[in-house]
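Chemist: any chance you can model this:
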Amino acid sequence: SQAGPTAFIDESNSLPLPYTHLFPDGRCEPDGSTLEKLMLALVDDRPRARALGRAARRSVVRKFAPELLAAQIERRMREALGRFRLRGSSAGARSRLLPNL
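Modeler: So this is what the prediction gives:
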């Protein structure tokens, strides 16, 4: 599962940025020189900057709509409840934890 910016960025709403170092935990060190050039290019090309910003907003709204997030949370809660039930917990404890499931 992706988190942070990698959860929504793609070639339609961002600019590719090479990295200079990849850490064992998956983080990376961006190429500062290329980052500077990309940022300056966007300052000089306001229409492109606005278009990328609009595309990024659409991606976030599409992928993180409240209904979608609520459905993901509900699914995970149901999965957790299923595992809880498999462990043989008492019915009383289940009903107090998640009364409507």
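Chemist: for the helix or strand hosting Leu69, name the packing helices and strands.
Modeler: Following DSSP states H and E, one finds Leu69 within helix 66-86. Counting contacts by 3 or more C-beta pairs under 8 Å, 6 or more residues apart in numbering; DSSP states H and E, helix 66-86 is packed against helix 91-97. From N, CA and C alone the C-beta is placed, and that goes for glycine too.
Chemist: shaky segments in this protein?
Modeler: Within the chain, the ranges that satisfy pLDDT under 70 run 1-5, 88-101.
Chemist: for the helix holding Leu69, buried residues please.
Modeler: For helix 66-86, a neighbour-count test (16 or more other C-beta atoms under 10 Å) marks nothing as buried.
Chemist: may I have that helix as PDB, with CA atoms only?
Modeler: Listed next in PDB are the C-alpha coordinates belonging to helix 66-86 (Å, rounded to 0.1, in the frame of the first residue of the first chain):
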ATOM      1  CA  PRO A  66     -14.900  10.100   1.800                       C
ATOM      2  CA  GLU A  67     -17.100   7.300   0.600                       C
ATOM      3  CA  LEU A  68     -14.100   5.300  -0.600                       C
ATOM      4  CA  LEU A  69     -12.200   5.800   2.600                       C
ATOM      5  CA  ALA A  70     -15.300   4.900   4.700                       C
ATOM      6  CA  ALA A  71     -15.700   1.700   2.600                       C
ATOM      7  CA  GLN A  72     -12.000   0.800   3.200                       C
ATOM      8  CA  ILE A  73     -12.300   1.300   6.900                       C
ATOM      9  CA  GLU A  74     -15.500  -0.700   7.100                       C
ATOM     10  CA  ARG A  75     -13.900  -3.600   5.100                       C
ATOM     11  CA  ARG A  76     -10.900  -3.600   7.400                       C
ATOM     12  CA  MET A  77     -13.100  -3.500  10.500                       C
ATOM     13  CA  ARG A  78     -15.100  -6.500   9.200                       C
ATOM     14  CA  GLU A  79     -11.900  -8.400   8.400                       C
ATOM     15  CA  ALA A  80     -10.600  -7.600  12.000                       C
ATOM     16  CA  LEU A  81     -13.900  -8.800  13.400                       C
ATOM     17  CA  GLY A  82     -13.700 -12.000  11.400                       C
ATOM     18  CA  ARG A  83     -10.200 -12.700  12.900                       C
ATOM     19  CA  PHE A  84     -11.500 -11.800  16.300                       C
ATOM     20  CA  ARG A  85     -14.300 -14.300  16.000                       C
ATOM     21  CA  LEU A  86     -12.000 -17.000  14.800                       C
END
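Chemist: thanks again, I'm all set now.
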